[in-house]
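Enquirer: Provided below for reference: sequence and predicted model.
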Amino acid sequence: MRKLLIIILLMFMIQTGAIMANSEFILKSNSIKNGEVLKNSQVLNGFGCTGENISPDLAWSGAPQGTKSYALLVHDPDAPKENGWWHWLVVNIPINKTSFSAGEKLEKPMLETITDFKTTGYGGACPPIGHGIHHYNFTIHALDVESLDISANLDPNEVEKLVKSHSIASSTICAIYQR
């Protein structure tokens, strides 16, 4: 009888929300999907590519307790360059900011650091012709600090190391593209 009462009580608590499953930190987008080809709007306009170079919309939810800010890193590990190719690095995203619209212009306190294109801001996909499928990892990190005290000119690999040293959770969408 006691076991039955415990089961009934647990079922009631689950139904009323008194017991909730741990939320999952997740990144979503209407523009890009895991394993799907990037649209022309996310492809670079330059270096022989004729895309629109518009950053995709992104939204994240379920940040773990202790999150104080976010960082977004976009990386192509398949690029024929040591450590791959950095396409977009954004740090100091405030805790109350949980989405970017497509092509959104980012404002302080957010900081876009230089990419492997040697510029700040989003740089779309543009792999070498005939190099095969490249994977574009859009990764949001939940950080344990409110901000990173860095320069916009910090090497992208150093930005990644710093972000990962403060990351308490991350979520990735991996889109693909080839020429």
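Expert: Arrived safely, thanks for sending.
Enquirer: make it CA atoms for all contacts and neighbour counts henceforth
Expert: OK.
Enquirer: Checking residue 96 next. Helix, strand or coil?
Expert: Of the three states, residue 96 takes coil according to DSSP: H, G, I helix; E, B strand; the rest coil.
Enquirer: ok, now how distant is residue 66 from residue 169?
Expert: Per Cα to Cα, to the nearest Å, residue 66 is found 10 Å from residue 169.
Enquirer: Tell me which of these two has more neighbours.
Expert: The neighbour comparison of residue 66 against residue 169 (other Cα atoms under 10 Å) goes to residue 169, with 19 against 11.
Enquirer: Give the helix, strand or coil label for the more buried one.
Expert: Here residue 169 is strand, with the state taken from three-state DSSP.
Enquirer: if we look at the sheet, which residues does it bridge to?
Expert: Beta-bridge pairing for residue 169 (DSSP bridges): residue 142.
Enquirer: what's it in contact with, if anything?
Expert: 25, 63, 64, 141, 142, 143 (Cα atoms under 8 Å, 6 or more residues apart in numbering).
Enquirer: Give me the buried subset of those residues.
Expert: By neighbour count, with 16 or more other Cα atoms under 10 Å, those hold 25, 63, 64, 141, 142, 143 as buried.
Enquirer: Do I have it right that the last one meets residue 71?
Expert: Yes - between residue 143 and residue 71 a contact is recorded at 7.2 Å, counting by Cα atoms under 8 Å.
Enquirer: which neighbours do the two share?
Expert: Common neighbours of residue 143 and residue 71 (criterion: Cα under 8 Å, 6+ apart): residue 163.
Enquirer: Right, I'll call it a day here.
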